[in-house]
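S.K.: quick one: sequence plus predicted model below, questions after.
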Amino acid sequence: MNEVFELQYALDTFYFLVCGALVMWMAAGFSMLEAGLVRSKNTTEILTKNVALFAISCFMYLVCGYAIMYPELGNTFLSGITGNGVEGGDTYAPSADFFFQVVFVATAMSIVSGAVAERMKLWAFLAFAVVMTGFIYPMEGNWTWGGEAVFGLYELNFTDFAGSGIVHMAGAAAALAGVLLLGPRKGKYGANGEVNAIPGANLPMATLGTFILWMGWFGFNGGSVLQTSTVDTANSVAVVFLNTNAAAAGGAIAALILARVLFKKADLTMVLNGALAGLVTITASPDSPTPILATLFGAMGGVLVVFSILTLDKFKIDDPVGAISVHGVCGLLGLMLVPLTTDATFLGQLGGALTIFVWVFTASLIVWAILKATMGIRVTEEEEYEGVDIAECGMEAYPEFNKS
């Protein structure tokens with residue numbers, strides 16, 4: 001019996017670590033996607049942000065975030081006690097759990113990066129990353145996945161399998177708070193209300209980033225099953241992988257068709273965001289729908305993200321990569337679809353979503369406001385015109401393109 005447990009423990013730990021590595025690779029996806037959708041003069045800075053935010057997320061979650069989100073597990077982990085997973089009923093190493101959780105924190109912070117691109121000061125962004133990953137995200141994670149009462153007042157009757165709300169909507173809420181205080185890029189909106197398109201510099205890179213994210217999502221959702229060493233859990237993992245892929249395909253197809261109807265063109269950026277919207281939508285419950293229903297849920301996300309991007313532009317909320325629409329609006333959609341295939345209630349899902357959004361948005365708005373009043377959060381108009389690569393990093397991503 002002991003040998004069986006040891007084998008199960010080894011398999012589950014290895015699976016957990018591999019899934020964590022897949023989620024970590026999503027950092028490369030966000031980097032490529034964002035670098036492809038910004039102008040070439042802002043490429044180095046957005047890449048620097050993505051590398052730095054990942055490192056900051058890992059450090060802050062290690063120092064305090066994990067202990068805030070999971071007090072009992074975090075304190076044990078930080079004390080250096082590794083344990084064997086038996087007491088909590090888990091069949092994976094505590095260090096594997098930390099690694100899997102920390103890459104989720106980095107994912108939430110990556111969402112903020114793209115939304116504030118091309119006009120935010122690098123060091124203001126990194127200062128916010130410290131607070132977001134060390135306190136704001138762990139607090140709402142404590143109330144949801146951590147199972148603690150919200151400020152000790154009430155417990156959430158809320159289901160979010162892999163983080164449509166806890167990770168994605170939270171990241172979008174923080175991004176929205178920053179964008180509102182930051183303002184739009186120069187030239188994005190005309191005096192008469194017209195929206196001026198600012199094309200990204202490298203759509204092949206953006207497409208590569210989307211495929212990397214699509215692949216990493218199998219670890220994101222599949223790893224959230226937590227085990228794979230029994231027949232039931234192995235079947236659950238297979239279902240999650242299948243539904244995750246189906247939702248992404250549904251989102252891409254729906255966005256492609258809608259773009260053709262609205263714009264008379266096959267808009268690649270909408271297709272890319274449609275695939276990501278499908279992935280975000282299914283993340284709240286990838287284990288319960290049938291594959292056809294998962295495809296339909298993804299398609300709903302693909303349609304919604306197109307309309308959301310257009311609507312935010314009408315309100316002059318400038319999001320260069322569509323992160324708020326993809327992760328925020330579709331994250332909420334994913335949460336509200338959960339009761340269709342599980343025992344969750346619409347009221348419970350709405351209450352959980354509101355708690356997450358209000359907390360993250362309000363806390364983020366306060367932090368952004370403090371940063372704005374102290375060190376400033378926006379580069380000068382001249383620096384924005386020349387590109388933040390030179391102003392913030394002192395180097396260009398494509399220097400040879402400017403040679404005469």
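M.R.: That came in fine, so what should we check first?

S.K.: grab the nearest non-local neighbour of Q349.
M.R.: L335 (4.9 Å; CB to CB, 6 or more residues apart in numbering). Bear in mind the C-beta positions are built from the backbone N, C-alpha and C, glycine included.

S.K.: hmm, D160 and the one you found touching each other?
M.R.: Yes - applying CB atoms under 8 Å as the test, L335 and D160 come out as touching, 6.3 Å apart.

S.K.: between the two, what contacts are shared?
M.R.: 284, 352 (CB atoms under 8 Å, 6 or more residues apart in numbering).

S.K.: sorry, back to before: quick one, what contacts the residue nearest to Q349?
M.R.: So L335 contacts 160, 164-165, 169, 284, 349, 352-353 (CB under 8 Å, 6+ apart).

S.K.: burial of D232, as a residue count?
M.R.: 9 (other CB atoms under 10 Å).

S.K.: that older thread, and the strand or helix carrying the residue nearest to Q349, average pLDDT?
M.R.: Per DSSP states H and E, L335 falls inside helix 330-337. In this model, helix 330-337 has a mean pLDDT of 98.

S.K.: same for whichever helix or strand comes after it, what does it pack against?
M.R.: For helix 330-337, the following helix or strand on the C-terminal side (DSSP H and E) is helix 346-374. Secondary-structure packing of helix 346-374 (3 or more CB pairs under 8 Å, 6 or more residues apart in numbering; DSSP states H and E): helix 122-131, helix 137-143, helix 170-182, helix 330-337.

S.K.: distance from the chain centre to the longest one, please.
M.R.: By that I understand helix 170-182. 13 Å (CA atoms, centre = their mean, to the nearest Å).

S.K.: check which element follows it along the chain.
M.R.: Downstream of helix 170-182, the first helix or strand assigned by DSSP H and E is helix 203-222.

S.K.: check which helices and strands that following helix is in contact with.
M.R.: Short answer (3+ CB pairs under 8 Å, 6+ apart): helix 203-222 packs on helix 2-37, helix 231-263, helix 268-282.

S.K.: okay, those helices in TSV with mean pLDDT next?
M.R.: Conversion of these to TSV gives the following (pLDDT from 0 to 100):
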stretch	mean pLDDT
helix 2-37	94
helix 231-263	98
helix 268-282	98
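
S.K.: of all these, which lies closest to F211?
M.R.: Closest approach to F211 among the helices and strands packed on helix 203-222 (CB to CB): helix 2-37, 7.7 Å.

S.K.: tell me the buried residues in that closest one?
M.R.: Neighbour counts using 16 or more other CB atoms under 10 Å place 8-9, 11-13, 15-17, 19-20, 22-24, 26-37 of helix 2-37 among the buried residues.

S.K.: what angle do helix 203-222 and that helix make with each other?
M.R.: 150 degrees (axes from the mean of the first three to the mean of the last three CA atoms, to 10 degrees).

S.K.: gap between helix 2-37 and the chain center?
M.R.: Here the centre of helix 2-37 is set off from its chain's centre by 16 Å, with CA atoms, centre = their mean.

S.K.: then stretch 347-367?
M.R.: With CA atoms, centre = their mean as the basis, stretch 347-367 stands 16 Å off its chain's centre.

S.K.: for that stretch, C-alpha coordinates in CSV please.
M.R.: The C-alpha trace of stretch 347-367 is given here as CSV (Å, rounded to 0.1, in the frame of the first residue of the first chain):
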residue,chain,number,x,y,z
LEU,A,347,-26.5,34.7,-7.1
GLY,A,348,-23.5,33.1,-5.6
GLN,A,349,-21.4,33.6,-8.8
LEU,A,350,-22.5,37.2,-9.0
GLY,A,351,-21.7,37.8,-5.4
GLY,A,352,-18.2,36.3,-5.8
ALA,A,353,-17.6,38.3,-9.0
LEU,A,354,-18.6,41.6,-7.4
THR,A,355,-16.4,40.9,-4.3
ILE,A,356,-13.4,40.2,-6.5
PHE,A,357,-14.0,43.2,-8.8
VAL,A,358,-14.8,45.8,-6.1
TRP,A,359,-11.8,44.8,-3.9
VAL,A,360,-9.2,44.6,-6.7
PHE,A,361,-10.5,47.7,-8.6
THR,A,362,-10.7,49.8,-5.4
ALA,A,363,-7.4,48.7,-3.9
SER,A,364,-5.7,49.1,-7.3
LEU,A,365,-7.2,52.6,-7.9
ILE,A,366,-5.8,53.7,-4.5
VAL,A,367,-2.4,52.4,-5.3
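
S.K.: ok, and what's touching it?
M.R.: Outside stretch 347-367, the residues touching it (CB under 8 Å, 6+ apart) are 128, 131-132, 135-137, 139-140, 143-144, 150, 156-160, 165-166, 169-170, 173-174, 176-178, 180-181, 332, 335-336, 338-339.
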